[in-house]
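Visitor: Let's see this in three dimensions:
(chains A, B, C and D)
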Protein chains: 4
Amino acid sequence: MTTVGFIGLGIMGAPMAANLVAAGHEVTGYNRSPAKVAALVERGAKGASTVAEAVRGADVVITMLPDSPDVLDVVTGEDGALAHSHPGQLLVDMSTIRPEVSRQVAEAAAAKGVKALDAPVSGGEAGAVEGKLSIMVGGDAEAFGAARPVLEAMGTTIVHVGPSGSGQTVKAANQLIVAGNIQLLAEAVVFLERSGVDLERSIEVLGGGLAGSTVLNRKAPNMIKRDFTPGFRLELHHKDLGIVTTAAREAGVVIPLGAAAAQLVGAMVARGDGGLDHSGLLKLTEALSTDQTA
Amino acid sequence: MTTVGFIGLGIMGAPMAANLVAAGHEVTGYNRSPAKVAALVERGAKGASTVAEAVRGADVVITMLPDSPDVLDVVTGEDGALAHSHPGQLLVDMSTIRPEVSRQVAEAAAAKGVKALDAPVSGGEAGAVEGKLSIMVGGDAEAFGAARPVLEAMGTTIVHVGPSGSGQTVKAANQLIVAGNIQLLAEAVVFLERSGVDLERSIEVLGGGLAGSTVLNRKAPNMIKRDFTPGFRLELHHKDLGIVTTAAREAGVVIPLGAAAAQLVGAMVARGDGGLDHSGLLKLTEALSTDQTA
Amino acid sequence: MTTVGFIGLGIMGAPMAANLVAAGHEVTGYNRSPAKVAALVERGAKGASTVAEAVRGADVVITMLPDSPDVLDVVTGEDGALAHSHPGQLLVDMSTIRPEVSRQVAEAAAAKGVKALDAPVSGGEAGAVEGKLSIMVGGDAEAFGAARPVLEAMGTTIVHVGPSGSGQTVKAANQLIVAGNIQLLAEAVVFLERSGVDLERSIEVLGGGLAGSTVLNRKAPNMIKRDFTPGFRLELHHKDLGIVTTAAREAGVVIPLGAAAAQLVGAMVARGDGGLDHSGLLKLTEALSTDQTA
Amino acid sequence: MTTVGFIGLGIMGAPMAANLVAAGHEVTGYNRSPAKVAALVERGAKGASTVAEAVRGADVVITMLPDSPDVLDVVTGEDGALAHSHPGQLLVDMSTIRPEVSRQVAEAAAAKGVKALDAPVSGGEAGAVEGKLSIMVGGDAEAFGAARPVLEAMGTTIVHVGPSGSGQTVKAANQLIVAGNIQLLAEAVVFLERSGVDLERSIEVLGGGLAGSTVLNRKAPNMIKRDFTPGFRLELHHKDLGIVTTAAREAGVVIPLGAAAAQLVGAMVARGDGGLDHSGLLKLTEALSTDQTA
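Guide: Numbers count the residues shown, from 1 in each chain, chains lettered A, B, ... in the order given. So this is what the prediction gives:
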């Protein structure tokens, strides 16, 4: 049993914290909106009305926040988590943010005797609810060992991939592949439809060969039904592709397909479709292609 | 038991024909090079020294040839298959060629009372040897039914996807997705390596989430080892991407990622790397990115 | 004074033929639609009611037709120009077609003792009317010398660029650069507008530096006014980009920006905007970008 | 006559400052390396050994520095320009930096009663030496009017394009167009060469039509000779494309060709060719295309 301060009870954070409670950990939850805290308290957690309350005395502090500035603010800000932590506390940031911000957080934590891990996740809301997330962890190996029992309440594939920031780097690569695979599937679907073949059977046979992928299995059905309820919103994927294009640039790595996919995701957001699931990329390819019903 | 004339005993055709023999069909094989015919005869087939010999009297004629001109020549050419076929014979072209050429072949066949199917395959040499190919079939539904028992000796996923040419259309979509997925994986691998994370563990965690794919499972190990022994050669993929970009253009479908991937595959061929496996795209991304060992 | 048979009296061909008449050549015009022939006759030409009539006895035969199949049909078809030509006649095809078709035409002509040049033009309707076209000529140097006096009635920059097909190759390169330069200008214009700078002054200062171009001078004003009256229609540019992507592929040359531009032009045609001037590419970039007026 | 403090005497700054001296202004120059200061003193300027010395009492302070962090440091840093400026002083930053950094500098300046302009330039070393730069100015109209006489000593096209940051926005658009136009020219040149046409005559005829551009006029000769002596280095263009892709992203504008060009420029830098002139992009297209001499 570990005492956990959990900060950030959104679509992902709320079920993750609930799974920690269910696994027998003593969780104190905090969110800017008190209603989300109340909902977690009903599942058996304690509620905090400030970051300080969630952090003070906890063995592990977990943050699950939207973007880099939020993490900097909540962790390193005046009256943030580090202001109330104690030496030996473990800080696990599970947000998807820029690798260099994770490194910056780890340094600030180290100055307080706190060990920080970056541990972004993949698997979406369903994975968070079912406790089946993939978790990619960057930071000290010993700290990873210490955090593992807590992480096991939230995910099934939990991998230590390198020093601070590495978890974010792997998550960035994940988002690059996912965006590209979705866009390629969208191109194939529109091409198949406009060519008059049997789409469902085509998807079946494509899935059985080298073109098979998790994206094809999970997203092709939505595309066929034009059901773009998220799931994972394009506006979040847009933010993540900003991270990966910048990180690749800094690493001196050329990503021609990734960069092209980032433009298309950006176009969806610009068109006002940022609230759709990322499989909504189909709409764009469709809008740019000949309408045979016309 | 069916009598089958099999024309084209290359890397794919030879094991496919051998599987037909093993399944109890009476196969007569033909290839321009007599050595390949002899090898098949050793596995229990009859050998033919002309196309005519392989075709005459067979229930089913199968062709497995490199490109559109070869199929036109062998099937519709003077002294080609159709010149020696009889009404009611079934012609199954398993080559990967342009959809419109498949339609042209089907028309020429119909004029002779022959039913033609286009039935390209996915699964590579391994799939051909093991009889586990995916086969995407275009043409008449009744003819598909008649061909099915023969096809089952060669593949496990056998799907009728629409009228003549549809098999080629689906194969084209397959090659679009595969080339793009490989390139995205290559970009991710170079990015991860140059960022100093643990590559093998990263691939493991990526494979467990939405970024997972058959390409990742089969090609990431080759990329990590820089082992680009084919497998499927880039020069063949280049030919296939020519088919899909042309077909998409004719269908009025925009394929921004597909077109970008086609340029990169073209660059590999132009650089003299057309003989490598398509996972060799890694080399290009690597050549275009900063070398940290320098 | 030269006797000229002129076949193809469209938007470009009509004023080109009229300029030949005005320069004192004896022109016999032919077009499928008799009204176009009548219009040229009013400017002082003779009219022909068949290709044969226009070709027979002429010193020079000029063709100005939409696409490769038209040229093959009119020149090498049964009852086409070559069927009625005489040895020593000069055939000048000024259409924009595939380089390899030009080479094919030249061979067919040579077999009849006719020398053929490919001589596509740049400069648009305005250039045709004013006799100020740029003409890029492929074929035999001697034939070029012989054709020169006739070409000078239609253009100001008349350049022999190499053997048969070379004129088409240079025209293909022209269309690659033009499409790309227009798209880049469109991206810059939308970026500037959405960023709230003074657009007209920005264009002025851009035009004065290394970003200056004929495209910027001629197309930026249309873009600013959203006046996409052709000019040169996107559907023709789409055809031409099909020529250049195929020719580059055959030459083993990678054209990443050209291929990307070709996708965008294709999207405009697919959207039903093929009748707009090619500066209409602005509409697409605009449609894909955030609307700040919303 | 105006007293000018000039900070940053590099390849561009040194001749710009010298032109100010030649035009009769009283210039005090500062650079981290004293040798550059000494060189300017020989041309008639005063030398400063600190930023403070150059700034104190000057009517106008000009900065010409490599990148955003340099400007922030020299202008807003401890002991930077603003620490020594007086109300009513005019600050003209002619560096190419991020628009938002220019806005940040302008705000910091305003807090001291100093009016700041962003005034990046186009025209390269030659333009700087000859005093023929294009200067795109963002900021207050009145401040622009006050700076104009000083700017006229350095440039010929001097345009006020909008509020603070607008000069940088227009410069970003300039770099987008220039990189793309160069890459398109490189693709055309390799395509023409590999197709065996007469390259010099082709460039001549292309320049006479809609494909004509300043890039074609100035860069095609270098490309033909493979002379990639800078001129403008790819590593600087890489930095600038980072600015424009980020700024376009923030403005919600999709730049598919710009983003693709940025990847190619990034690849050149990664390959170790960042020190070449930007026309060196030819090398990349060449490296990716079939070598016919092989």
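
Visitor: all contacts plus neighbour counts: C-alpha atoms, from now on.
Guide: Fine.

Visitor: Contact partners for the residue of the stretch 101-250 of chain A found nearest chain B?
Guide: Scanning the stretch 101-250 of chain A for the residue nearest chain B gives residue A:213, at 3.7 Å (criterion: Cα to the nearest Cα). Applying Cα atoms under 8 Å, 6 or more residues apart in numbering or on different chains to residue A:213 gives the contacts A:207, B:211, B:212, B:213, B:214, B:215.

Visitor: Which two of those have the greatest separation?
Guide: For these, the maximum inter-member distance is 14.5 Å, found between A:207 and B:211 (Cα to Cα).

Visitor: When the two are compared, which one has more neighbours?
Guide: Per other Cα atoms under 10 Å in any protein chain shown, whichever of residue A:207 and residue B:211 has more neighbours is residue B:211, with 28 against 22.

Visitor: how close does the more buried one sit to residue A:97?
Guide: Note on residue B:211: its distance to residue A:97, by Cα to Cα, to the nearest Å, is 18 Å.

Visitor: In chain A, spot the strand with the most residues.
Guide: strand A:155-162 (DSSP state E).

Visitor: can you pull the buried residues of that strand?
Guide: A:155, A:156, A:157, A:158, A:159, A:160, A:161, A:162 (16 or more other Cα atoms under 10 Å in any protein chain shown).

Visitor: and of these, the nearest to chain D?
Guide: Ranked by distance to chain D (Cα to the nearest Cα), the buried residues of strand A:155-162 are led by residue A:162 at 23.9 Å.

Visitor: quick one, helices of chain A?
Guide: According to DSSP state H, chain A carries its helices in the segments A:13-22, A:34-42, A:51-55, A:68-71, A:99-110, A:124-130, A:141-151, A:166-194, A:199-207, A:214-225, A:234-251, A:256-268, A:281-287.

Visitor: do the shortest one and chain D meet?
Guide: Meaning helix A:68-71. No: contact of helix A:68-71 with chain D (Cα under 8 Å from any Cα of the partner chain) is absent, the minimum separation being 15.9 Å.

Visitor: Touching that helix from outside, list them.
Guide: With contact meaning Cα under 8 Å, 6+ apart, helix A:68-71 is reached by A:63, A:65, A:95, A:96, A:97, A:98, A:101.

Visitor: Mind checking which of these are in strands?
Guide: Under the assignment DSSP E, those contribute residue A:63 to strands.

Visitor: Neighbour count added to the contacts of helix A:68-71, as TSV?
Guide: Shown next, in TSV, are the contacts of helix A:68-71 (neighbours: other Cα atoms under 10 Å in any protein chain shown):
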residue	neighbour count
A:63	24
A:65	22
A:95	24
A:96	27
A:97	28
A:98	23
A:101	18
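
Visitor: Show me which pair in the contacts of helix A:68-71 is furthest apart.
Guide: Farthest-apart pair in these is A:63 and A:98; separation 14.7 Å (Cα to Cα).

Visitor: Around chain D, pick out the residues from the stretch 151-294 of chain A.
Guide: A:249, A:252-256, A:259-260, A:263-264, A:266-267, A:269-270.

Visitor: Filter these down to the buried ones and hand me the ChimeraX line.
Guide: The ChimeraX command for the buried members of those (criterion: 16+ other Cα under 10 Å) is given here:
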select /A:249,252,253,254,255,256,259,260,263,264,266,267,269,270
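
Visitor: Residue A:258 - nearest residue in space that isn't next to it in sequence?
Guide: Among residues not flanking residue A:258 along the chain, residue A:176 sits closest, at 5.7 Å (Cα to Cα, 6 or more residues apart in numbering or on different chains).

Visitor: Hmm, residue A:244 and that neighbour touching each other?
Guide: Yes: applying Cα atoms under 8 Å, one finds residue A:176 in contact with residue A:244, separated by 6.9 Å.

Visitor: Pull up the overlap in contacts between the two.
Guide: The contact lists of residue A:176 and residue A:244 share no entry, where a contact means Cα under 8 Å, 6+ apart.

Visitor: what's the neighbour count on residue A:142?
Guide: The tally of other residues near residue A:142 (other Cα under 10 Å) stands at 10.
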